[in-house]
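Student: Quick one, what's the 3D model for this:
(2 chains)
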Amino acid sequence: LGQFLESENNKYLSWLHDINNDNFTQAHVTLLDLAKVETTFLSKKKTLLSLSKLTALASDNKSPDMQERLHDINDELDLILHQEQLPLDAVQNLGMNVANMNVMTPQEIAELYVSDMNVVATEYDFKMALDLLSYIDDPEVDKNELRLHIWSRAVLRDSWESNTTSDPLDTNKDTIFFKTVDLAYTQGEDLNECLPSVEELLESKELGDLRHNPNFQFLIKAGYEHLQSVM
Amino acid sequence: AASASGTEITDEDREKIEAIDWLVFDPKQRGEAVKQANAVMRSFIAVKKHEAAKEVFNKLPADTIDIIIRQQTQAGSEMLKPEVENAIREYMCIKAYLDAVDGFNDWFTFFHHAKPQKPDLTMGATFTDKVAYEHRIRQYETELERWRHNLTSQTKISKERIYNILLFTDGGWMVDKATDDTADDGRKVQMERLRELHIPGLCFNLHHMLHSTEMYADCLQLADYIASEQYRLYKEFSSEDLKTLLRHLQESSLKLLDKNKDPLGYELV
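Tutor: Predicted structure coming up:
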């Protein structure tokens, strides 16, 4: 029976047998394998990870390998939490059912947080997208490019029109872009790392004609200069 | 899982309960009354003397919290003192707990004792016996349907009340929110002990209830909450408790397999 259950096709059952036989470490490993290949249902992946965590804790196995896997599980559960916290509207606009979401990659979740489908995005959504960068372990993904994309999306949320008489810092403080900068700063992020340079930002093709708008350039440069003084 | 245990109220308990009367006499002392009542209820809940704890709870007038907050505002202070804030939060935790215990006991009684009994047809029954039996069977089926309907709503209420404790807002059940430098360590230790003592038990009760009512997929989802770093419920489980829990969850999975679902209740592909 053990051998039959070990086969790839029957893995989805073998952990039940392992729990019944007090073989919690083996159940934990199998459940983690199953969670890793689950891409259809987010909630199913979550329960597989949760069960894998509980079997690990029940096993009394404190080996370094086990600690590392537990760490891995907590990261995966964290990522799931980021997806679960996606604004309801954004998920529905994508045509997904909140109660029945597919498993998304960190870059897909980040993309949804900053996309137009997230109609009422605030600085918290943009910060969330930036946080998601640390979960990406796909070597194909250029994280710097994605970071610049997130900040460019933040820029595009505002019109950057202002009357010339007002203080640029006053105008800036109501923009999503600088609100996100503020939030990242208060949360203790290193702005040198998480923010693109002013040159990089002004060259971002995504910004389209706005790049060449003198008013926009003036406001962004003034904002960055102000940041230099606090960074 | 067990129902309310036969924990009788002794004369000594009675004295502790009645001492609260002296404290609620003067509305100015309501803050102190809540603190003392909490301490007495904590000691009762630690030994599962739920009836005694409920009597203490009922000694505090319903407007107690309002009075405390009003006195604070009149004193010109916006913020409650940390010790008072913590006492109010603990009082809410105890209320949630007593409600959950009541809910579960009601469910338990309803599930185990209120189910209609199927009528028997004795051997060698006559024609008229059979006609009467047919009638009783129809009656039985109507009653059974009604019982199932009420069971569903009773289960829902009781499930919500237990989740109220497991997912208690802002840091968890019996966990202080305000930092209080004057706090006594004894209280803190007792509150931690109550979490260890009751959180696994409540999870087992919840599982028993969901499993008995054939809500097997919900049983498996219990693992999500227990393993979550947001609520950290797993920290209250000994490894023996965790093993017991996993065996219970395994039983629910086997039931799902019987229903041609996968072990977590999803359609088989």
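Student: what packs against whichever helix or strand residue B:112 is part of?
Tutor: Here residue B:112, judged by DSSP states H and E, is contained in helix B:82-113. Applying 3 or more Cβ pairs under 8 Å, 6 or more residues apart in numbering or on different chains; DSSP states H and E, we find helix B:82-113 packed against helix B:30-46, helix B:50-59, helix B:64-74, helix B:127-166, helix B:185-212. Every C-beta, even on glycine, is put in place using the N, C-alpha and C of the backbone.
Student: Can you tell me which residues in the stretch 101-250 of chain B are near chain A?
Tutor: B:220-221, B:223-224, B:226-230, B:234, B:237, B:239, B:242-243, B:245-247, B:249-250 (Cβ under 8 Å from any Cβ of the partner chain).
Student: Show me which of these are buried.
Tutor: B:220-221, B:223-224, B:226-228, B:234, B:237, B:242-243, B:245-246, B:249-250 (16 or more other Cβ atoms under 10 Å in any protein chain shown).
Student: returning to what we had before: kindly report which one of the helices and strands packed on helix B:82-113 carries the lowest mean pLDDT.
Tutor: Lowest mean pLDDT of the helices and strands packed on helix B:82-113: helix B:64-74, a mean of 86.
Student: quick one: that helix to helix B:30-46, angle?
Tutor: Put simply, helix B:64-74 runs at 150 degrees to helix B:30-46, going by axes from the mean of the first three to the mean of the last three Cα atoms, to 10 degrees.
Student: quick one on the thing from earlier: go through the buried ones among the residues of the stretch 101-250 of chain B next to chain A and flag which are in helices.
Tutor: Applying DSSP state H to those, the entries found in helices are B:220, B:221, B:223, B:224, B:226, B:227, B:242, B:243, B:245, B:246, B:249, B:250.
Student: Next, the buried residues of the helix holding residue B:112.
Tutor: B:82-91, B:93-94, B:96-104, B:107-108, B:110-111.
Student: what do you get for stretch B:30-37?
Tutor: Buried, per 16+ other Cβ under 10 Å, within stretch B:30-37: B:30, B:31, B:33, B:34, B:35, B:36, B:37.
Student: Then stretch B:144-162?
Tutor: For stretch B:144-162, by 16+ other Cβ under 10 Å, it's B:147, B:151, B:154, B:155, B:158, B:159, B:161, B:162.
Student: neighbouring contacts of that stretch?
Tutor: B:96, B:99-100, B:102-104, B:106-107, B:110-111, B:114-116, B:202, B:205-206, B:209-210, B:213, B:215, B:218 (Cβ atoms under 8 Å, 6 or more residues apart in numbering or on different chains).
Student: let's go with 7 Å and repeat that
Tutor: B:99-100, B:103-104, B:106-107, B:110-111, B:114-116, B:202, B:205-206, B:209, B:213 (Cβ atoms under 7 Å, 6 or more residues apart in numbering or on different chains).
Student: Please save the CA atoms from it in PDB.
Tutor: This file holds the C-alpha atoms of stretch B:144-162, laid out as PDB (Å, rounded to 0.1, in the frame of the first residue of the first chain):
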ATOM      1  CA  LEU B 144     -36.600  15.400  10.500                       C
ATOM      2  CA  GLU B 145     -36.600  18.100   7.800                       C
ATOM      3  CA  ARG B 146     -37.400  20.800  10.400                       C
ATOM      4  CA  TRP B 147     -34.700  19.500  12.700                       C
ATOM      5  CA  ARG B 148     -32.200  19.600   9.800                       C
ATOM      6  CA  HIS B 149     -33.200  23.100   9.000                       C
ATOM      7  CA  ASN B 150     -32.800  24.200  12.600                       C
ATOM      8  CA  LEU B 151     -29.600  22.300  13.000                       C
ATOM      9  CA  THR B 152     -28.100  24.300  10.000                       C
ATOM     10  CA  SER B 153     -28.900  27.600  11.600                       C
ATOM     11  CA  GLN B 154     -27.800  26.500  15.100                       C
ATOM     12  CA  THR B 155     -24.500  25.300  13.600                       C
ATOM     13  CA  LYS B 156     -24.000  28.600  11.800                       C
ATOM     14  CA  ILE B 157     -24.500  30.600  15.000                       C
ATOM     15  CA  SER B 158     -22.300  28.400  17.000                       C
ATOM     16  CA  LYS B 159     -19.600  28.400  14.400                       C
ATOM     17  CA  GLU B 160     -19.600  32.200  14.200                       C
ATOM     18  CA  ARG B 161     -19.300  32.500  18.000                       C
ATOM     19  CA  ILE B 162     -16.300  30.200  18.100                       C
END
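Student: Sounds good, over and out.
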